[in-house]
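>>> Need coordinates for the below:
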Amino acid sequence: MSEKPASIHRRSFLETTSAVGAAAAVTTWTAKSYSQVVGANERINIGFIGAGGMAGNHMSAYNSLKEANNLNAVAVADCWKTRAEAGKTNVQADSAFTDYRKVLDIKEIDYVTIATPEHWHSTMTIDALDAGKAVYCEKPMTHTIDEALLVMAKQKETGLPVQVGVQAMSDDSYRSAAVAIKEGVIGQVVQAQIEYVRRYGEQGPWRVPDLKDNDPKPADLNWNDWLGHAPKIPWNPHHYYEWRNYSMYSGGIATDLFIHRITRIMKACNLLYPRRVVGMGGIWQWRDDRDLPDNFEMICEYPRGMTVYVLGTMSNRVGIDHLIRGYRGTLYFTGSGWIAKDKDDKVLAEHKKTGGEDVNLHHTNFHNHLRNGEELNCPVELGMAGVAAVCMANESWRSGQMIGWDKTKQKMVPANTLETNHYPEENV
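Next up is the predicted model:
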């Protein structure tokens, strides 16, 4: 790639990015895409589907934003009635239900927030879109690639917006980095690295202290409704309270944690589907009945001619630098934004971020999109691309094979069944 254009200067770089930021985004949303879901000054009516742990964060966001953003909570649904009623009280909604479809039946609701186990995301999102509701869906957008394709198709069919809950996309560092990379600040990009590391205690990831095998089902919890299309099994407290450890409901480290990290690199490097993916790890430390790894890592190769490495140990919290490597320099993400340096440590450009990994900002972006067409920070296409990468990594781990993306069939396949290409592809 050519040298950095003269119009880009080291300390004034971000002064130029606001004008060209949309061009670097994975997807540009125009006013037509939201079809005037609500008027510019109208109150936005919200329904909450799911009232458990993660849903509590969204309810807190609602409570802190309701006056400034002119919001109104209409209904809450959860298959555990006690939780649904508690959610209703929390946001002072009009109604509480144990069947989420009753929320969708309420005409005045403009959008729903879906915060449930992953295996329900696609069904609820599609049902909401069919009911004429916009959707804010927690990450990952879906449990599987096939489900993500269905959601993306339904969104295109209805024209209703879907915001995926990767809230780090409301940190402008990644959009700004995309502009810098497109303008050649660090030269041809060849590699990126990022991590999500934690150190859990004796019980391991996502276990609930003192939960016992024979803990009874709450009397007002509809277990069959919670299972949905997952295999029907007798009540199991571990599957309900610790569902992220089981592949019937979750993709574990990859879908719950890596989706946050790799989406950042996708945004910065304008990536969609990987060409090949390897996932490695195991159930190394907590040998309980989980069927997803407790330590995991993945490498994705993208058609533009670069790889992305993601580290995910749950046994040690020592991380690695979050960075993107180019031929001319390296772009380092920091707590305050990013800085790009050449091989001699000379600063090429830098960015002081606004926003952050903040659910309040992510919802506000969605509200602004509904009212005036502000570009979505994590639209359905980016959600789909993230699901593809992490599901391919999990499939690689399960199968012991490198997994490839079949562009024609829009599906993951063993990489050795595809024609090998070791060169960057044009127009990616």
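
>>> Sort out which residues of stretch 281-294 are buried, please.
By neighbour count with 16 or more other C-beta atoms under 10 Å, stretch 281-294 contains the buried residues 281, 283, 286, 290, 292-294. Yep, even glycine has a C-beta here, placed from its N, CA and C like the rest.

>>> Oh, that last question was meant for stretch 386-397, not what I typed.
386-397.

>>> Please tabulate those residues in TSV, including the columns pLDDT and secondary structure.
Formatted as TSV, the buried residues of stretch 386-397 follow (pLDDT from 0 to 100; DSSP: H, G, I helix; E, B strand; the rest coil):
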residue	pLDDT	secondary structure
Gly386	98	helix
Val387	98	helix
Ala388	98	helix
Ala389	98	helix
Val390	98	helix
Cys391	98	helix
Met392	98	helix
Ala393	98	helix
Asn394	98	helix
Glu395	98	helix
Ser396	98	helix
Trp397	98	helix
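
>>> all helices for the stretch 1-150 of the chain, in order.
All helices of the stretch 1-150 of the chain, identified by DSSP state H, counting those that start in this stretch, fall at 17-24, 31-34, 53-65, 81-91, 100-104, 121-130, 145-158.

>>> chain center to the third one: distance?
Looking back up the chat, that one is helix 53-65. Computed by C-alpha atoms, centre = their mean, to the nearest Å, the separation of helix 53-65 from the middle of its chain amounts to 17 Å.

>>> hmm, who's touching it?
Under the criterion C-beta atoms under 8 Å, 6 or more residues apart in numbering, residues 46, 48, 51, 71, 73, 78, 87, 90-91, 113, 115-116, 136, 138, 359-360, 363-364, 367 lie in contact with helix 53-65.

>>> Alpha carbons of it, as CSV, please.
Extracted in CSV, the C-alpha atoms of helix 53-65 (Å, rounded to 0.1, in the frame of the first residue of the first chain):
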residue,chain,number,x,y,z
GLY,A,53,-29.4,-11.6,34.8
MET,A,54,-28.4,-9.9,31.5
ALA,A,55,-31.9,-8.5,31.2
GLY,A,56,-31.3,-6.7,34.4
ASN,A,57,-28.6,-4.6,32.7
HIS,A,58,-31.0,-3.6,30.0
MET,A,59,-33.6,-2.7,32.6
SER,A,60,-31.1,-0.5,34.4
ALA,A,61,-30.2,1.2,31.1
TYR,A,62,-33.9,1.8,30.5
ASN,A,63,-34.4,3.3,34.0
SER,A,64,-31.4,5.7,33.5
LEU,A,65,-32.5,6.7,30.0
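
>>> Format the buried residues of stretch 281-294 as TSV; extra columns: secondary structure, distance to Lys352 and pLDDT.
Below are the buried residues of stretch 281-294 laid out as TSV (DSSP: H, G, I helix; E, B strand; the rest coil; distance: C-beta to C-beta, whole Å; pLDDT from 0 to 100):
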residue	secondary structure	distance to Lys352	pLDDT
Gly281	strand	36	98
Ile283	coil	42	97
Trp286	coil	40	97
Arg290	coil	41	97
Leu292	coil	38	98
Pro293	coil	37	98
Asp294	coil	37	97
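
>>> residue contacts, Pro140?
Residues counted as contacts of Pro140 (C-beta under 8 Å, 6+ apart) are 118, 121, 164, 251, 255-256, 259, 383, 386-387, 390.

>>> which stretches of the stretch 1-150 of the chain have low pLDDT?
Along the stretch 1-150 of the chain, segments meeting pLDDT under 70 span 1-37, 39-40.

>>> Figure out how far stretch 55-73 is from the centre of its chain.
With C-alpha atoms, centre = their mean, you get 20 Å for stretch 55-73.

>>> Of all the residues in that stretch, which ones are buried?
Under the neighbour-count criterion of 16+ other C-beta under 10 Å, stretch 55-73 has 55-56, 58-59, 61-62, 65-66, 69, 71-73 buried.

>>> Give me the distance between the two termini of it.
Taking C-alpha to C-alpha, to the nearest Å, stretch 55-73 runs 13 Å from one end to the other.

>>> coming back round to it: out of the buried residues of stretch 281-294, which one sits closest to Glu202?
Relative to Glu202, the closest of the buried residues of stretch 281-294 is Trp286; by C-beta to C-beta it sits at 8.3 Å.

>>> Skipping adjacent residues, who's closest to that closest one in space?
Gly204 (3.0 Å; C-beta to C-beta, 6 or more residues apart in numbering).

>>> now do Val76
Per C-beta to C-beta, 6+ apart, closest to Val76 is Gly87, 3.8 Å.

>>> and that neighbour, what is it in contact with?
48, 51, 55, 59, 76, 78, 93, 96.

>>> Mind putting the buried residues of stretch 55-73 into a markdown table with distance to Met152?
Formatted as a markdown table, those follow (distance: C-beta to C-beta, whole Å):
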| residue | distance to Met152 |
| --- | --- |
| Ala55 | 24 |
| Gly56 | 28 |
| His58 | 23 |
| Met59 | 28 |
| Ala61 | 25 |
| Tyr62 | 27 |
| Leu65 | 28 |
| Lys66 | 31 |
| Asn69 | 27 |
| Leu71 | 27 |
| Asn72 | 29 |
| Ala73 | 28 |
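
>>> For the stretch 301-428 of the chain, which segments count as strands?
For the stretch 301-428 of the chain, strands defined by DSSP state E, counting those that start in this stretch occupy the ranges 306-313, 323-326, 330-334, 337-341, 347-352, 403-406, 411-414.

>>> Show me what the first one pairs with in its sheet, parallel or antiparallel.
In its sheet, strand 306-313 lies beside strand 189-195 (parallel), strand 295-302 (antiparallel), with partners assigned from DSSP bridges.

>>> Over to the fourth one?
Under the criterion DSSP bridges, strand 337-341 sits next to strand 330-334 (antiparallel), strand 347-352 (antiparallel) in its sheet.

>>> how about the last one: buried residues?
By that I understand strand 347-352. Here strand 347-352 shows 348-351 as buried, counting by 16+ other C-beta under 10 Å.

>>> got it, and the shortest one?
Of the residues in strand 330-334, those scored as buried under the neighbour-count criterion (16+ other C-beta under 10 Å) are 330-331, 333.
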